[in-house]
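Trainee: give me coordinates for this.
(6 chains, ligands or ions: 9)
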Amino acid sequence: MSILIAIIVLATISVFFGLLLGYTSVKFHVEGDPVVDKIDALLPQTQCGQCTYPGCRPYAEAIAAGEANINQCPPGGETTMLALSELLGIEPVPLDDEHADAPEKTVVYIDEQTCIGCTLCIQACPVDAILGAAKQMHSIIESECTGCNLCIPPCPVDCIHIIPVKIEPETWRWSLPESTVTSPKA
Amino acid sequence: MQFKTASSPHIPQQNNVQGLMFKVLLAMVPGTIAMIVFFGWGVLINIILASVVALSAEALMLWIRKRPIKPYITDGSAILTACLLVLALPQLAPWWLTMIGTLFAIIVAKHLYGGLGFNPFNPAMVGYVVVIISFPKEMTQWVPPLLEGYTHLTFTETLNIIFGGDLPLAYTWDAITMATPLDTVKTQLGLELSINEIENHKEYGGIFGSVGGFGWEWVNGLFLATGCYLAVKGIIDWRIPAGLIAALLVLSNTFALYDYASFAPPTFHLFSGGIMLAAFFIATDPVTAATTTKGRWLYGAGIGVFIFIIRTWGAYPDGIAFAVILMNMAAPLLDYYTMPRAFGHSWTEFPHHHKADDDEQ
Amino acid sequence: MSDTNYNEISKNGLWNNNVALVQLLGLCPLLAVTGTVINGLGLGMATLLTLVLSNAVVSLIRHWVRPEVRVPVFVLIIASVVTAIELSMNAWLYELYTVLGIFIPLIVTNCGILARAEAFASKNSILPSMLDGFMMGLGFTFVLVTLGAIREILGYGTLFSNAHLMFGDIARNWTWVFIEDYSGFLLAILPPGAFIGMGLIIALKNVIDNHNKKKQTISAAQAVTASEATA
Amino acid sequence: MTEYALILISTIWVNNFVLVKFLGLCPFMGVSRKLETAIGMALATTFVLTLSSICSYLVNEFILEPFDIMYLRTIMFILVIAVVVQFTEMVVHKTSPLLYNVLGIFLPLITTNCAVLGVALLNIQKDNNFLESVFYGFGAAVGFSMVLILFSGIRERIAVADVPNAFQGTAIAMITAGIMSLAFMGFIGLVN
Amino acid sequence: MTRSSHQLWRFHGGLKLESNKAISTQSPIVKARLPKRLVIPVQQHIGEAGALLVKKGDKVLKGQVITQSNEYVSAPVHASSSGTVIDIDEYPAPHPSGLNTLCVVIETDGEDKWVELQPTNYVKTKSPAELRQLIRKAGIVGLGGAAFPTAVKVNPGPQAHIETLIINGAECEPYISCDDMLMREYATELISGCGIIQYMVSATHCLIAVEDNKPEAVKAIQTVISEQALHTIEVVSIPTIYPTGGEKQLIKVLTQKEVPSDGFPSDIGLLVQNVGTAVAVHKAVVLGEPLISRIVTVTGEGVKQPQNMEVLIGTSMSELIEQSGGYHDDACKLIMGGPMMGFTLQTDHLPIIKGCNCLLVENKPEETPATMPCIRCGACASVCPAQLLPQQLFWMASSKNFEQVQDYHLFDCIECGCCAQVCPSQIPLVQYYRFAKTEIWSQERDRIKSDHARVRHDFKQARIELEKKERAEKLRKKKELLEKKKIAEAAAKNDTPETEVDPKKVAIEAAMKRVQDKKAAKQTNNTSSDE
Amino acid sequence: MSNKRYILVSGLILGLFAVVGTALVGVTHQVTADKIINNERLALLRKLNQILPSEKYDNDLLHTTINLDADSRLGQEKASTIYIAKRENEISAMIFPVIAGKGYSGEIKMLVGINIDGTLAGVRIVSHKETPGLGDAMEIEKSDWILGFNGKSLNEPAEKQWKVKRDGGAFDQFTGATITPRAVVQAVHLCLVYFDRHKKELIEQYNKQVKLSVSNKKSGEPVK
Ligand SMILES: Cc1cc2nc3c(=O)[nH]c(=O)nc-3n(C[C@H](O)[C@H](O)[C@H](O)COP(=O)(O)O)c2cc1C
Ligand SMILES: Cc1cc2nc3c(=O)[nH]c(=O)nc-3n(C[C@H](O)[C@H](O)[C@H](O)COP(=O)(O)O)c2cc1C
Ligand SMILES: Cc1cc2nc3c(=O)[nH]c(=O)nc-3n(C[C@H](O)[C@H](O)[C@H](O)COP(=O)(O)O)c2cc1C
Ligand SMILES: Cc1cc2nc3c(=O)[nH]c(=O)nc-3n(C[C@H](O)[C@H](O)[C@H](O)CO)c2cc1C
Ligand code: SF4
Ligand code: SF4
Ligand code: SF4
Ligand code: SF4
Ligand code: FES
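Mentor: Numbers count the residues shown, from 1 in each chain, chains lettered A, B, ... in the order given. Ligands and ions are numbered 1, 2, ... in the order given. Now for the predicted structure:
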């Protein structure tokens, strides 16, 4: 008997709660996930795919969905990882050893003697940083190039080369003083 | 010609951590001598023991952590920690108790956080709290200060007690130890005696001097004097002791005025136990204190308030160590919320978050 | 999921993704009841049982539940299981039950359990889910017992005291006394000791993990050099 | 009135939920890495804990006792709490994005905070009346919030300290909590 | 003598330092020898570098413009002497980075022949705007250290009303004495320059602030003022506290006002110019001479004959040292600027630029002090003139917490070095701040670039989408056309008398077909846009 | 799916699981309920038996009680229960719940058993908050100190001797902790005094209760 009472009471309440939740989930439905935008805004937009995702936004979506770790973007380096950990409130993850140091910033240039004007690189460039038309010599707009190197593989004559971005006194950065007592952290 | 490069400024400077620590150590000497005079050799023996343990532990930890050993061993902070811890312990604390306290202070409270400068909690006080919680019995073994009717121990006897744990044949614990004035007041108040009755009690009354506990007055007075010297020299920040003493004074005065029979007078509060040591040497530990001007006032005052609360209503006779650690906990937030107004900024923009600004845009 | 890797599940539960050490869940009972080994063991067993059962049920019903009532349903299941266990313990292990007190019903909110339900059981079939629950529970119990042992030895100088609470009267003399007349390092038994002990255990795990990693990289490097040498 | 004050002092200082009673440790460890989030979590928990105290009192008084089904208390409480929390979350999400950003994102985490169920169970155990229950829940929440916020302040500091490798992260956080708990031992005896 | 009737205030913090100026003020200013080669960097100021107006092989005259820019915040550069441009290439810059920068190298011909100068005899016949133009053309930048184009500064804009012109003769850094000597020897020109700037910005007052450790300079200026019976110009002797020469600190000392963090002195009705800048203005306006030389203090224990020299821009530092008796054997550190804010140079084969006021040679074979961890003693905060919490900045900078470090007002730090000077742990605090600042700027550049990249990426994405759509559309149209043709053909066939088909029916069928096609096309469109 | 159905299904799912869960728990409850009640009884009895071994009485101790209103003399602020032990239908002893309010920190809850002749049958601590390692020596698990009360009575030792040794009495204190034993001794003494003064009333009250229940039983009303 007492079991019956218990069951009835609890069932009534649960059904009521279920209805309530069902109702609210219909009435108070919220669309979209602003987190993705925020993550995307932190990524370097190099669109290089080194994160194993086809570009920055898909990677952002993967992070938001909890499928990807925050340390997979080599161009972003430690800074981006830290920014992501800050945004998402999760523990910083060390970068994989190979990418531990922030990679040197690079751009590419096209060896204009060799270029045959095949336009393959233009199609590959995610940010339209290559100028040129079919059968004509191509050249890179250096200020637009993100250094993603996506244009290199398609080039049939290997005329695209990587060069470091030049550091000027104006863009030069002071280094972090090396502490003599606390060795740098791993 | 090739030149050395370095960051500005390029003027060699005299300040260094080592000097700072040794000046503080030096300032502790008079008070410590007074303690030895009033309370016997135990203080000295334990200081030596604790210093040796502290330095060894420090060296060991630095070695394990692969950090340079010499600059830290010689900086004096470990010795300072050891001395402050011992001054808070009962004089006849057995060797293992001193050792456990010191080891906890140096290893757990200091080096697990990265050593000098990184520890959020005052190591000496952590060490003290650990032992008072773990070994309350041993922590009540206070020697009566040069009083008649109590036996006084020679150096060798003290040594035997501390290291051997056994009393000389003729003595009992009850004969060589007694409750501290603070403890006595608390106990007797609990038995509904009035302050006046306690101070004039035929048995307990002797341990009260003219302003605080007998002997304790001198110890505290000397620490007050040398502490003031440090403050004048700018080695410690005067606001912390000032805040602490002011808060304690205000609270104890208020309550004593309200009911002078059941609350100890302010002078008693200030000159018993380790208040002056705490105010000028412990609370001022730069590493664990608040750093802003206002924060330091609040930090000192907070310690004072907690000391009063724990002394008056808590279970432990003196709350200094607890109060200090409690305020250590609050120090980061105090710093954050008492950030000074930067030059060219107005108060209203505090606390300034440029991130929030970004969001608005 | 046919190709479920049982090895992986076990390893995750016991070590790599240990509920207590890595996920840092279920900390309250972990710290609260580990004054002695037996208390730890008792709560560990109860938790383990809950994990296995709740994982099983959740896995069974995983296709029927819709998102907005998912959490309430899972919670309901877990709560039912826990209450059943609580009542049983109250009946058959009464003294242990009184010692563990409020922390038995609080298994319900042991986030570790809900986390497993959400993260594993609601995506896997019943067998792997139960294994996952078992291994997670075992990992959790392991930490409970370790912490209990450390605290008991330091605090009381004994091990397996009060075993009769769990194993009945025959266990009364299982207690190992390490030090006769040990006055006790009270810190270990009091709340601060629980936190500090747990911190040390986590650090120990880190040390072991780092050590293993180093070994791995070294052996990997050796393999590389070896292959280079042969090539 | 003094008895309510005593309940507050007791729950905040002497029998602090986190440091002395061991309740609500998971969020205490999990959401204390940053001051800002800690404050958000503190607010959300205060809200839920107080609410849960009230709900559990009502459930106990008007359902469990009348029907004599005390043995179902755990189920009832947790169900009510889970539903109330989820309901609040959904409503807040829709109606006030601002509030949602401050509180809402923490709400789901709170269901599995044992402090919430703990406060309900302890209220029954202590036979608290309605007002006492409210004060008990509120005090517990304030105690929780206070140590959470202090803890996050310290953790921000520790994050930049030269902590030995093995202790980085949660290990040192545990030890810090231990030392905080040590400090709270000083309040023993203030009230019972 | 000095009219210190002026009320003074105090700024927070600061340091009393040993001034060490006397070692270089024993002799009057010496004119440096005309060097064989001048290496003139094209970028010597804050703002945009100008475009080159000369090429290799060109002959140039002294004072001839060699770069020009259309940017507002910029200043032209002039040839400092007559000769031939023998190279235009990258040379090491006098910059902490030691990196190269684009320079024009002139081989001097020894004639030192001026271009034609256009003096202005009566200043007030020209409008302020014309005067500003003169200053701009003369390439004047602030000589107090920041090298900010003066023409920009003296144009506070229509809303701003400059009440008081403050002439900064504080020279608070130890060792440096170029402003001191300048005030002693060029007091008349200084007063003239002050008058011109005052006129340009229509300031009612002019205060010349000099630290009280330079009584001779005060006296010299005072003499000129009383000789000319000027009433609006006043020389004020201020206490010697480093860094009272900092613009904001000086303003606080003189007026008690605080320049808002995100504002300029002009926002509170003030303009601050260095004494050297004022003299340069005088030269540019009254004599028509562009800024091609400046006074440089060559001093320090590591140089044999400390002195002040008037130096052509582009002269090599090594020549100045040589003319100052050369190095002592134990010289070990070469600093451009003062000991508190200057930066060390790796070599002395670097040109003097407009912003270089001092070459300091140190001889202390100082072993690098053992840096200890910060013990939060707060000494730094108590001396910080910007009222910051240097130790917090340090903790955040060292952990690369660039968000929070800005919350703690990193960018209000004037890099004065007071904090590092008093730090018992000997932490190179300023370097941490410089690290953080440059890092943040760099990130900001990256961010702008990545925003830009995202826009371009989206744009490309959209373009491809569009092309796809267009192609699909084309395809569909083609199909339709084909279809129509078929139908038409069919209809044509049906038109044959043998079969009697209702033409109406055909039309309906065709219409239905079209509708279906459209539907299909829509669907493909939809799916493609979903992709 | 339409919204209404959607909502309904949510409710039903939750309801369904509630039914299943409750059924499970309900069954468990049925199975265990008696045992649990029994356990609780036994536990209490065991505690009482420590004071008063079972051979010393022959009644149902747990059900032979007097309910006492709040009485500050026993330190009780809430109503409390006194257990009555009988032997061959004669009251042989009473067990009082006593609270010593003046412990070192907080209340010390104890049970004090007094034989009908006024001697102490035994004292046990139920709960306390004294300092572990210092004040907790009064627990039977920690030391035998508490057994020192056995057989003592108001005159043995004499009235003036009901103090700890430090205060000139007959009872040991613990090294370094005088307050706790002092409080316990004081409370036990008070209890003895109470018993001495109110013995008659208590017995009368008990007898009345018995009569009442007997008459109630006769009239068929259950005793509450
Ligand atoms: C980007 C920038 C813009 C400036 N704009 C003005 C301005 O509009 N008006 C002005 O009086 N000063 C302006 N200044 C000059 C500064 O107020 C200041 O005088 C200059 O940076 C030199 O200061 P210092 O030598 O104390 O560093 C500007 C400086 C910078 C860097
Ligand atoms: C710490 C510090 C100290 C300074 N000291 C002086 C100084 O002593 N004399 C000076 O003319 N400018 C000094 N300056 C530069 C001034 O702030 C300011 O930029 C200058 O007076 C503006 O005049 P200018 O544009 O004519 O150079 C100092 C700047 C800083 C940040
Ligand atoms: C941390 C601490 C805890 C104490 N706890 C107790 C306690 O639980 N019970 C007690 O009687 N005395 C306790 N005391 C001791 C009392 O303060 C007091 O010194 C003692 O009871 C007086 O006894 P004595 O005269 O034998 O020294 C404690 C003392 C300290 C310092
Ligand atoms: C003024 C001053 C007070 C100090 N007080 C303490 C103290 O109370 N406890 C302690 O362990 N160390 C103290 N130290 C030493 C040192 O700062 C301390 O060991 C650090 O906390 C270790 O990182 C003090 C140092 C100074 C300069
Ligand atoms: S690795 Fe980084 S930069 Fe490259 S695509 Fe992925 S997120 Fe973008
Ligand atoms: S030019 Fe090449 S490297 Fe540069 S952005 Fe385009 S594809 Fe990437
Ligand atoms: S002066 Fe140095 S040690 Fe002191 S607080 Fe500042 S940075 Fe830290
Ligand atoms: S360098 Fe920056 S932080 Fe340091 S004292 Fe100067 S203004 Fe303050
Ligand atoms: S176990 Fe208590 S909050 Fe997770």
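Trainee: which stretches of the stretch 251-361 of chain B have low pLDDT?
Mentor: B:347-361 (pLDDT under 70).
Trainee: quick one, helices of it?
Mentor: Ranges of helices within the stretch 251-361 of chain B are B:266-270, B:275-277, B:293-313, B:320-337, B:354-360, based on DSSP state H, counting those that start in this stretch.
Trainee: isn't E:Ala236 up against E:Leu254?
Mentor: Check again: residue E:236 is Val, not Ala. Yes - in this structure, E:Val236 is within contact of E:Leu254 by C-beta atoms under 8 Å, at 6.6 Å. Every C-beta, even on glycine, is put in place using the N, C-alpha and C of the backbone.
Trainee: quickly list what's touching both of the two.
Mentor: Common neighbours of E:Val236 and E:Leu254 (criterion: C-beta atoms under 8 Å, 6 or more residues apart in numbering or on different chains): E:6, E:8, E:207, E:209.
Trainee: among those, which one sits closest to ligand 9?
Mentor: E:Leu8 (60.8 Å; C-beta to the nearest ligand atom).
Trainee: quick one, phi psi at the closest residue to that closest one other than its chain neighbours?
Mentor: When the adjacent residues along the chain are set aside, E:Leu8 lies closest to E:Val253, with 5.7 Å between them (C-beta to C-beta, 6 or more residues apart in numbering or on different chains). The phi/psi pair for E:Val253 (degrees, to the nearest 10) reads phi -60, psi -40.
Trainee: OK, contacts around C:Leu190?
Mentor: By C-beta under 8 Å, 6+ apart, the residues touching C:Leu190 are B:133, D:181, D:185, F:132.
Trainee: try D:Gly118
Mentor: Contacts of D:Gly118 (C-beta under 8 Å, 6+ apart): C:28, C:102, C:106, C:109, D:17, D:21, D:23-24.
Trainee: same thing but at 6 Å, please
Mentor: Taking C-beta atoms under 6 Å, 6 or more residues apart in numbering or on different chains, we find D:Gly118 in contact with C:106, D:23.
Trainee: mind checking which helix or strand it is in?
Mentor: helix D:114-125 (DSSP states H and E).
Trainee: just how off-centre is that helix within its chain?
Mentor: What separates the centre of helix D:114-125 from the centre of its chain is 10 Å, taken as C-alpha atoms, centre = their mean, to the nearest Å.
Trainee: what about it and ligand 9, any contact?
Mentor: Yes - using C-beta under 6 Å from any ligand atom, helix D:114-125 comes into contact with ligand 9 via D:Cys114.
Trainee: centre of the chain to the next helix or strand after that helix, how far?
Mentor: The helix or strand immediately downstream of helix D:114-125 is helix D:130-159, counting by DSSP H and E. Chain-centre distance of helix D:130-159: 7 Å, with C-alpha atoms, centre = their mean.
Trainee: what does stretch C:62-71 give?
Mentor: With C-alpha atoms, centre = their mean, you get 26 Å for stretch C:62-71.
Trainee: for the chain, what spans make up the helices?
Mentor: The chain I'm using is chain A. For chain A, helices defined by DSSP state H occupy the ranges A:2-27, A:34-42, A:56-64, A:77-88, A:120-124.
Trainee: I was thinking of chain C, sorry if that wasn't clear
Mentor: Ranges of helices in chain C, per DSSP H, are C:6-11, C:27-32, C:37-60, C:67-92, C:94-100, C:111-119, C:126-156, C:164-167, C:186-189, C:191-230.
Trainee: now the buried members of the contacts of C:Leu190.
Mentor: Neighbour counting over the contacts of C:Leu190 (16 or more other C-beta atoms under 10 Å in any protein chain shown) leaves B:133, D:181, D:185, F:132 as the buried ones.
Trainee: of the residues you listed, closest to chain E?
Mentor: The closest of the buried ones among the contacts of C:Leu190 to chain E turns out to be D:Ser181 (C-beta to the nearest C-beta; 24.1 Å).
Trainee: what is the strand or helix carrying that closest one packed up against?
Mentor: Assessed by DSSP H and E, D:Ser181 sits inside helix D:170-184. Contacts defined by 3 or more C-beta pairs under 6 Å, 6 or more residues apart in numbering or on different chains; DSSP states H and E place helix D:170-184 against helix B:320-337, helix C:191-230.
Trainee: redo these as a markdown table? Include distance to D:His93.
Mentor: What follows is those, written out as a markdown table (distance: least, C-beta to C-beta, whole Å):
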| stretch | distance to D:His93 |
| --- | --- |
| helix B:320-337 | 30 |
| helix C:191-230 | 35 |
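Trainee: which of these sits most buried?
Mentor: Among the helices and strands packed on helix D:170-184, helix B:320-337 has the highest mean neighbour count (mean count of other C-beta atoms under 10 Å in any protein chain shown), at a mean of 25.
Trainee: so it, near chain F or not?
Mentor: No - on the criterion C-beta under 6 Å from any C-beta of the partner chain, helix B:320-337 is out of touch with chain F, staying 14.0 Å away.
Trainee: compute the inter-axis angle for that helix and helix B:293-313.
Mentor: Inter-element angle recorded for helix B:320-337 and helix B:293-313: 150 degrees (by axes from the mean of the first three to the mean of the last three C-alpha atoms, to 10 degrees).
Trainee: in chain A, which residue sits closest to ligand 8?
Mentor: For chain A and ligand 8, the shortest gap (C-beta to the nearest ligand atom) falls at A:Trp174, measuring 13.3 Å.
Trainee: check that residue and give its pLDDT.
Mentor: Looking at A:Trp174, its pLDDT reads 88.
Trainee: and it, how many neighbours?
Mentor: Close neighbours of A:Trp174, defined as other C-beta atoms under 10 Å in any protein chain shown, add up to 19.
Trainee: residues touching it, list them.
Mentor: A:Trp174 neighbours (C-beta under 6 Å, 6+ apart): E:434-435, E:438.
Trainee: same deal with C:Phe140?
Mentor: By C-beta under 6 Å, 6+ apart, the residues touching C:Phe140 are C:19-20, C:47.
Trainee: now it, nearest residue through space, not along the chain?
Mentor: Distance criterion C-beta to C-beta, 6+ apart; nearest residue to C:Phe140, sequence neighbours excluded, is C:Val19 at 4.7 Å.
Trainee: strands of chain F, start to end?
Mentor: In chain F, the segments counted as strands under DSSP state E are F:65-68, F:80-87, F:90-100, F:108-115, F:120-127.
Trainee: make CSV from the ones you listed and add mean pLDDT and mean neighbour count to it.
Mentor: Formatted as CSV, the strands of chain F follow (pLDDT from 0 to 100; neighbours: other C-beta atoms under 10 Å in any protein chain shown):
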stretch, mean pLDDT, mean neighbour count
strand F:65-68, 77, 15
strand F:80-87, 84, 19
strand F:90-100, 86, 21
strand F:108-115, 89, 23
strand F:120-127, 88, 20
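Trainee: brilliant, that's me finished.
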